[in-house]
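Colleague: A structural model of the following input is requested.
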Amino acid sequence: MIQWAAVAAIALSASTLRADSGKEVTLKGEGKCLKCSLHKSDTCQNVVVVKKGEKETTYFLVGDVSKAFHKSLCSGPANVSVTGVCEKKGEKLEVTVAKISKVEAK
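Modeller: Okay, the predicted model is just below:
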């Protein structure tokens with residue numbers, strides 16, 4: 001029974017992502033530099049890590065608005081709010097950022 005529940009949860013989360021693909025989203029989480037903070041790339045790139053319970057999802061931030069905000073994250077992580085269009089590109093979730101700002105931690 002537990003196996004079926006796990007399969008159903010995975011299927012539901014995958015279908016929810018496909019349904020939201022291409023739609024504007026607002027994400028709140030910890031903004032980081034993929035290179036400097038996470039050490040997962042040879043080049044700098046903004047990401048936001050969103051936590052829901054025990055699960056963490058990393059969204060790759062792209063576009064001119066994200067690039068202009070990079071200095072705020074390359075020096076160290078910060079809590080951010082990001083609004084933009086989210087799309088799945090291969091195995092990555094990319095958000096073309098329309099607006100990004102630092103927010104106070106809860």
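Colleague: from here on, contacts and neighbour counts on C-alpha atoms
Modeller: Fine.
Colleague: now do the helices in the protein.
Modeller: 2-20, 64-69, 71-74 (DSSP state H).
Colleague: low-scoring stretches of the protein, by residue?
Modeller: 1-20, 106 (pLDDT under 70).
Colleague: where along it do the strands fall?
Modeller: In the chain, the strands defined using DSSP state E lie at 23-33, 46-52, 55-62, 78-89, 92-102.
Colleague: list the buried residues of the third one.
Modeller: Using 16 or more other C-alpha atoms under 10 Å as the burial criterion, the residues of strand 55-62 that qualify are 58-62.
Colleague: kindly report the same for the second one.
Modeller: Taking 16+ other C-alpha under 10 Å as the basis for neighbour counts, the residues of strand 46-52 that come out buried are 46-50.
Colleague: now swap in the longest one and tell me
Modeller: Residues of strand 78-89 classed as buried under the neighbour-count rule (16+ other C-alpha under 10 Å) are 78-87.
Colleague: list the residues that contact residue 81.
Modeller: Contacts for residue 81 (C-alpha atoms under 8 Å, 6 or more residues apart in numbering) come out as 26-29, 100-103.
Colleague: what's residue 58 in contact with, if anything?
Modeller: Going by C-alpha under 8 Å, 6+ apart, residue 58 touches 47-50, 93.
Colleague: circling back to that earlier point, if you rank the contacts of residue 81 by neighbours, which is first?
Modeller: The residue in those with the most neighbours, by other C-alpha atoms under 10 Å, is residue 29 (23 neighbours).
Colleague: surely residue 70 meets residue 48?
Modeller: No: the pair residue 70 / residue 48 is not scored as a contact, 11.8 Å apart, by C-alpha atoms under 8 Å.
Colleague: which residues does the residue positioned nearest the centre of the chain bridge with?
Modeller: Geometric centre of the chain, nearest residue: residue 59, 2.2 Å, by C-alpha atoms, centre = their mean. Beta-bridge pairing for residue 59 (DSSP bridges): residue 48, residue 93.
Colleague: same deal with residue 85?
Modeller: residue 24, residue 96.
Colleague: need the contact list for it.
Modeller: 21-25, 95-98.
Colleague: what's the closest of those residues to residue 41?
Modeller: Among the contacts of residue 85, residue 95 lies closest to residue 41 (C-alpha to C-alpha), at 17.9 Å.
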